[in-house]
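# Predicted model and sequence follow; I will ask about them next.
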Protein chains: 2
Amino acid sequence: MAGRRPTIADVARHAGVSKGAVSFALNGRPGVAPATRERILAAAAELGWRPNARARSLSVSRAFALGLVLARDPVLLGSDPFFPSFIAGVETVLAERGHALVLQVVAAGAAEENGYRRLAEDARVDGVILSDLRRHDPRVPLVEDLGLPAVTLNRPDVPSPFPAVCLDHRPGILAAVEHLVGLGHTDIAHVAGPDDFLHGHERKQAFLDALDAAGLPAGRVEDADFTAAGGTAATRRLLCQPSRPTAIVYANDLMAIAGISAAQDLGLQVPGDLSVTGYDDTELAAHIHPALTTVRTNVFGWGQVAARALLSLIDGEAVGDVKLEPAQLVARRSTAQHRVQSSPSEK
Amino acid sequence: MAGRRPTIADVARHAGVSKGAVSFALNGRPGVAPATRERILAAAAELGWRPNARARSLSVSRAFALGLVLARDPVLLGSDPFFPSFIAGVETVLAERGHALVLQVVAAGAAEENGYRRLAEDARVDGVILSDLRRHDPRVPLVEDLGLPAVTLNRPDVPSPFPAVCLDHRPGILAAVEHLVGLGHTDIAHVAGPDDFLHGHERKQAFLDALDAAGLPAGRVEDADFTAAGGTAATRRLLCQPSRPTAIVYANDLMAIAGISAAQDLGLQVPGDLSVTGYDDTELAAHIHPALTTVRTNVFGWGQVAARALLSLIDGEAVGDVKLEPAQLVARRSTAQHRVQSSPSEK
DNA sequence: GCTGGTAACAAAACCGGTTTAGAACTAAAC
DNA sequence: GTTTAGTTCTAAACCGGTTTTGTTACCAGC
């Protein structure tokens, strides 16, 4: 007999007023006498009434939901430290406003475009967060075309009408290089993320700039793909050559951890023979052997700020770019003083 | 001038029929003459019409969305290999049916209950997936109370009216123990997940059962929490005692990797002095040093099957429990023949 | 005492679909 | 030739809210 949920008509009948009056009272709009308002509120409470989100969505043309399209290989997603924390941050903001988060995971490529198209055409969300920006990212004009409000994580390299929520990667990389230089390293290499990802590209560029600023020649850069397998392979390429670097700056922790293992596999000591820095400060970073010197970013906070910015934008407020506290170095045991030209265990 | 999207009324006008006819034609229902149907389809295509999901939701009382409430510490989420892969699997199924995935991340505890309550009361989803089941999980009766269709990942230990999508953890753990026993180990310990999680409890139980089946005495069990920090601490407790085990079965890869590092920190060789197995087969497992012997589960497939089961249930079909291919051992380098009673490096 | 303005509410229209009731016509059955 | 059944389509109701329009009552002002 619990039966169906009470509707606004039930509340109206129970309070002896019209549907419109109930709607006005519940939304705190003027034009309802205080006594009547009380009566309506009491009736609503008594019936346990809660507005039906679907009906509300239809009449106000809003979904009360934000969208996030993740274009990554599902396999890769499993080891990605960014996305779960980011989502958690977004959620904390949405929860208090009663918004939902609609997630879409698509294979990168054409499917991605369809992902956004679906979200927009089905009118399922009021706005989207553009993450994992690529260089000349086609999603920016696409989402603009679709008329969907959006925020981007960091500023795209294409003209964008959307507010950017920025977390600068460069200071972290710069600090890592400075840290290594301070330890006496002069031959520093970089294992980069894919160059078509903006964050991969930026970290690589920051690495090169940092070396330059330190007055060192450009270091060797191995392009990889943010995966453990890629990190392993890139590390092997760097270390199995006549003159190997004494330190490697990795574009993420996953590659760095795989890299440390690869180095150990080759009989090298970390940090004795090779210093290593990562990026992300994943949970594991502090618990591997040796503990990983890495760069910490507040991904959770990034999610919160991005969500707030997008909600403001949707509410029609003017939103400018937002800057978050930049990435910071966390020094641990995987980096050490450069040993002067001792005999590397041959080859 | 692009203006607003075409509605069904526009299509009707354009095809010279009524709204109802359009709806019938588009949904492939009988009662529309073939010629008329063609005309309507052509008109819809010409105008680029797509049904408004919000309006459809309201009139058919369905959200065309599934919900997933994740009750984990956001920090923990970041290093969790399960959830992103699982979601990816769910998504592949939802995408082809035009459904959306609504995600909610809440701190464990009371907030979790509210999470489900919100999803149900706001009528945002047609059903939910219950993951990370705990022992005597209160969500089962809660969701039943809310009248929300659901599937559970594995069968709860409380009476449940919902289909369970099962991936048996036991064979994997059993295989790990058998593998170690085959290598000559007799003193095997387990670093367990939280006992109030069903999967933590089950893996521990499987470990104990496997030892028993092998005719060995019960091994030592250290309760931990699936985190790297917990794995490190538990490993230290196991290894810093007079008689240390020669092999450790960990309840997940994260703890296992941290455990290997902890052992190395203590001056032990893996697998020389200590064999280690993990659980999950995360991407990193194959790329650490030594490569981790672990248990592989098809989490992506689990997501797919769970989504399909829930959709069937929502469509009113009778759905029974579904069994997935059980977990399998992947032997790598972190396990080796037990060395006979050589001198451990004292203490 | 009549007009004008405003507050408080009811009634109705609307959002964009689906679904039901019923009208108009055709074809088969008696 | 009328009834019966079936098909095809229109009109209208409906989902549950929000928003606009209308109506009534009250009060101030001239």
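Sure, I can see it.
# Which of the helices and strands in chain A ranks last by mean pLDDT?
Within chain A, no helix or strand scores below helix A:74-77, which has a mean of 71 by mean pLDDT, DSSP states H and E.
# any idea which helix or strand comes after that helix?
helix A:82-97 (DSSP states H and E).
# which strands and helices sit next to that next one?
strand A:65-71, strand A:100-106, helix A:299-314, helix B:74-77, helix B:82-97, strand B:100-106 (3 or more C-beta pairs under 8 Å, 6 or more residues apart in numbering or on different chains; DSSP states H and E). C-beta coordinates here come from the backbone N, C-alpha and C atoms, glycine included.
# hey, where'd the strands end up in the stretch 1-150 of chain A?
Ranges of strands within the stretch 1-150 of chain A are A:65-71, A:100-106, A:127-130, A:150-153, based on DSSP state E, counting those that start in this stretch.
# Out of those strands, flag the one nearest chain B.
Ranking those by proximity to chain B (C-beta to the nearest C-beta) places strand A:100-106 first, at 4.0 Å.
# partner strands of that closest one, parallel or antiparallel?
strand A:65-71 (parallel), strand B:100-106 (antiparallel) (DSSP bridges).
# which residues sit against that strand?
Where contact means C-beta atoms under 8 Å, 6 or more residues apart in numbering or on different chains, the residues beyond strand A:100-106 that reach it are A:64-72, A:74, A:77, A:87, A:90-91, A:94, A:112, A:114-115, A:118-119, A:124-125, B:65, B:87-88, B:91-92, B:95, B:100-104, B:119, B:122, B:124.
# Contact partners for A:T294?
By C-beta under 8 Å, 6+ apart, the contact set of A:T294 is A:253, A:256, A:277-282, A:285, A:329-330, A:332.
# okay if I get these as JSON lines plus pLDDT and distance to B:I129?
Formatted as JSON lines, these follow (pLDDT from 0 to 100; distance: C-beta to C-beta, whole Å):
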{"residue": "A:D253", "pLDDT": "97", "distance to B:I129": "29"}
{"residue": "A:A256", "pLDDT": "98", "distance to B:I129": "34"}
{"residue": "A:T277", "pLDDT": "98", "distance to B:I129": "39"}
{"residue": "A:G278", "pLDDT": "98", "distance to B:I129": "33"}
{"residue": "A:Y279", "pLDDT": "97", "distance to B:I129": "33"}
{"residue": "A:D280", "pLDDT": "95", "distance to B:I129": "28"}
{"residue": "A:D281", "pLDDT": "95", "distance to B:I129": "30"}
{"residue": "A:T282", "pLDDT": "93", "distance to B:I129": "26"}
{"residue": "A:A285", "pLDDT": "96", "distance to B:I129": "31"}
{"residue": "A:L329", "pLDDT": "97", "distance to B:I129": "40"}
{"residue": "A:V330", "pLDDT": "97", "distance to B:I129": "36"}
{"residue": "A:R332", "pLDDT": "98", "distance to B:I129": "38"}
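# Going by distance to DNA strand C, which of the residues you listed wins?
Nearest to DNA strand C out of these is A:D280 (C-beta to the nearest atom of the strand; 43.6 Å).
# Just read off the phi/psi values of the closest one.
Backbone torsions of A:D280, given as degrees, to the nearest 10, read phi 130, psi -30.
# Go ahead and confirm it touches A:S85.
No. Using C-beta atoms under 8 Å, A:D280 is not in contact with A:S85, being 9.6 Å away.
# want to try TSV for the contacts of A:T294, with secondary structure, neighbour count and distance to DNA strand C as columns?
Formatted as TSV, the contacts of A:T294 follow (DSSP: H, G, I helix; E, B strand; the rest coil; neighbours: other C-beta atoms under 10 Å in any protein chain shown; distance: C-beta to the nearest atom of the strand, whole Å):
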residue	secondary structure	neighbour count	distance to DNA strand C
A:D253	helix	27	47
A:A256	helix	29	51
A:T277	strand	29	54
A:G278	coil	31	50
A:Y279	coil	29	46
A:D280	strand	27	44
A:D281	coil	25	47
A:T282	coil	28	45
A:A285	helix	26	50
A:L329	strand	22	52
A:V330	strand	19	51
A:R332	coil	19	56
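# I'd guessed A:V181 sits against A:A214; true?
Yes. Counting by C-beta under 8 Å, a contact exists between A:V181 and A:A214, whose distance comes to 4.7 Å.
# Pick out whichever of the two has more residues nearby.
Taking neighbours as other C-beta atoms under 10 Å in any protein chain shown, A:V181 and A:A214 compare with A:V181 leading, 19 against 16.
# Can you check what pLDDT the model gives that one?
In this model, A:V181 is scored at 97, pLDDT.
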